[in-house]
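Peer 1: predicted model, plus sequence, below.
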Amino acid sequence: MGQSFFCSIAGGMLAVLAMNRVEWIAPKFVRLIGMLALACAAVVCLWSWTQTEGAVIGSQRTALLLSTACVAGAMVVVVAAGKAAERAMVIRLLSLIGGLAGVAAACVWAWMGVDAANVTGLIAALTVVGDVLGSFLIGSVTIAWLLGHAYLTATKMTIAPLRRFSNLFSLAVILRAGFVVVCALLIWFGGPLGIPDQVSARLGGSWLILSMRVAVGLVAVGVFAYMVRDCVRLRSTQSATGILYFASVFVYIGELSSRHLMSAYGLPL
């Protein structure tokens, strides 16, 4: 679960960075995103090699290759960030490649922690979609609060990047919440995720994890996303940054809870 989460942070940040005008952002902030993505992906690679003593096979080899590709993309972003205005398209392209590799690695790492014998084709597809949306949410909120913090020193930077990232954060919250609602309906109506009584029996005493997933990771985050948009509309970058700090913690708690529910109970929530 740890490898998947860190790859989601690295891949999500790089993918979201590729969705904005890099030339509008202070070069040191672009470098910071690349460095953080590099650190997260590198930790996954080093930890995995240490734990397996170099003996990697099958899905683990694929996950490591994808994680390494994310590392390479992040390294190039760090190097190229010094001339972000001149190399904007190159940085965005490399960020996109590294981001897609990181998100794919997160999906593979997450899948390796699931009992595949009890997972149907639809649940497998829902798991991948959930991991992609989760990475999008994690990346958007992380990059948004980091950019908000950058406004404390880069006072001449335009508000457009923060507005863009806050919009992406709101979109990610809507998509993630909609996905969970769809999965909940499949459970409620006795779909392929299991009938309600069976799901309740499988969850057992994990009501706290489920509550954090829904109340903290979705409802509270949705409220924060609305507040951030309002602050950005009023050009109050410091207020938006403060709210994004709390939102990021709540997103991390919600997504870790989601990964636990999938690995322990096979529920892509």
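Peer 2: Nice, thanks for sending it over.

Peer 1: C-alpha from now on. contacts and neighbour counts both.
Peer 2: Noted.

Peer 1: how about the strands in this structure?
Peer 2: For the chain, applying DSSP state E gives no strands.

Peer 1: confidence-wise, which helix or strand of it is lowest on average?
Peer 2: helix 196-203 (a mean of 58; mean pLDDT, DSSP states H and E).

Peer 1: what's the burial count for L185?
Peer 2: 14 (other C-alpha atoms under 10 Å).

Peer 1: F165 too?
Peer 2: Quick note: F165 (other C-alpha under 10 Å) scores 25 neighbours.

Peer 1: now swap in M157 and tell me
Peer 2: M157, neighbours per other C-alpha under 10 Å, totals 14.

Peer 1: right, and it touches I25 too?
Peer 2: Yes: taking contacts as C-alpha atoms under 8 Å, M157 lies within contact range of I25: 6.7 Å.

Peer 1: could you measure from V182 over to L147?
Peer 2: Using C-alpha to C-alpha, to the nearest Å, V182 is found at 32 Å from L147.

Peer 1: so these two - more neighbours on which side?
Peer 2: L147 (23 against 13).

Peer 1: residue contacts, the more buried one?
Peer 2: For L147, the contact set (C-alpha atoms under 8 Å, 6 or more residues apart in numbering) comprises 29, 162.

Peer 1: contacts only, for the residue nearest to Y226 when sequence neighbours are not counted.
Peer 2: Distances taken as C-alpha to C-alpha, 6 or more residues apart in numbering place S170 nearest to Y226, at 7.4 Å, with adjacent residues excluded. Counting by C-alpha under 8 Å, 6+ apart, S170 makes contact with 222, 225-226, 229.

Peer 1: try it again at 10 Å.
Peer 2: Listed by C-alpha atoms under 10 Å, 6 or more residues apart in numbering, the contact set of S170 reads 137, 140-141, 176, 221-226, 228-229.

Peer 1: what do you get for S8?
Peer 2: Here S8 is in contact with 2, 14, 37, 40-41, 99-107, 131-139, 255 (C-alpha under 10 Å, 6+ apart).

Peer 1: buried among the residues you listed? Make that a PyMOL selection.
Peer 2: Remark: buried members of those, expressed as a PyMOL selection using 16 or more other C-alpha atoms under 10 Å:
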select buried, resi 14+37+40+41+99+100+101+102+103+104+105+106+107+131+132+133+134+135+136+137+138+139+255
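
Peer 1: so which of the contacts of S8 are in helices?
Peer 2: Taking DSSP state H as the definition of helices, the contacts of S8 contribute 2, 14, 37, 40-41, 99-107, 131-139, 255.

Peer 1: which residues do M157 and I25 both contact?
Peer 2: The contact lists of M157 and I25 share A150, where a contact means C-alpha under 10 Å, 6+ apart.
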